[in-house]
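Please find the sequence and the predicted model below.
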Amino acid sequence: MAEPEISISIEPTLKVSLDENWLQKIATETLKTEGITSSVEIGLVVTDSKTIQKLNKTYRGYDKSTDVLAFHMTPTTNQKPEQLFISPPDGIYHLGEVVISYPQAVKQAQQQSHSIERELALLIVHGVLHLLGYDHELARDSRKMRAKENEILEKLELD
């Protein structure tokens, strides 16, 4: 597998110290598990609740904060073949952006009685899977996505 390009952006006002290499490892493992062998690029943004609420309202019509949003730039499995993107000239497929609310991740980690690292990993995996076409609107799709998340988290050997 070609090494993916994963751009990390952490909102400075959060005043948190996150290991960017570790964040990249989570996204890379998700791509590897899904058999992604082409060159890909992902943006990973860790931000505050206010910013993610604004994005959620602007792009999804929900005026509330959420834990993770995924904005994919590649065709989904539901697109018609005539709508598919052509191969990019640089050979790197720009999958999209995963945006995570750090305060929401902290809250959910506390609610689930596990570490913030495990919660961040789950949210990264969840977001990247969305970029790859996974969804959880229907019960069967939700079960499939949850099983894939668990498979990847087990490989990462988190607490």
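Structure received.

all strands of the chain, in order?
5-10, 40-47, 68-72, 93-101 (DSSP state E).

Report the contact partners of the closest residue to D67 other than its chain neighbours.
Leaving aside its chain neighbours, D67 sits nearest to Q104 (4.4 Å; criterion: C-beta to C-beta, 6 or more residues apart in numbering). Backbone N, C-alpha and C define where each C-beta goes, glycine included. Applying C-beta atoms under 8 Å, 6 or more residues apart in numbering to Q104 gives the contacts 49, 52, 65-67.

so can I have JSON lines of those residues showing pLDDT?
Output for the contacts of Q104, formatted as JSON lines (pLDDT from 0 to 100):
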{"residue": "S49", "pLDDT": "95"}
{"residue": "I52", "pLDDT": "96"}
{"residue": "S65", "pLDDT": "91"}
{"residue": "T66", "pLDDT": "94"}
{"residue": "D67", "pLDDT": "96"}
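
what's the closest of those residues to T13?
S49 (11.4 Å; C-beta to C-beta).
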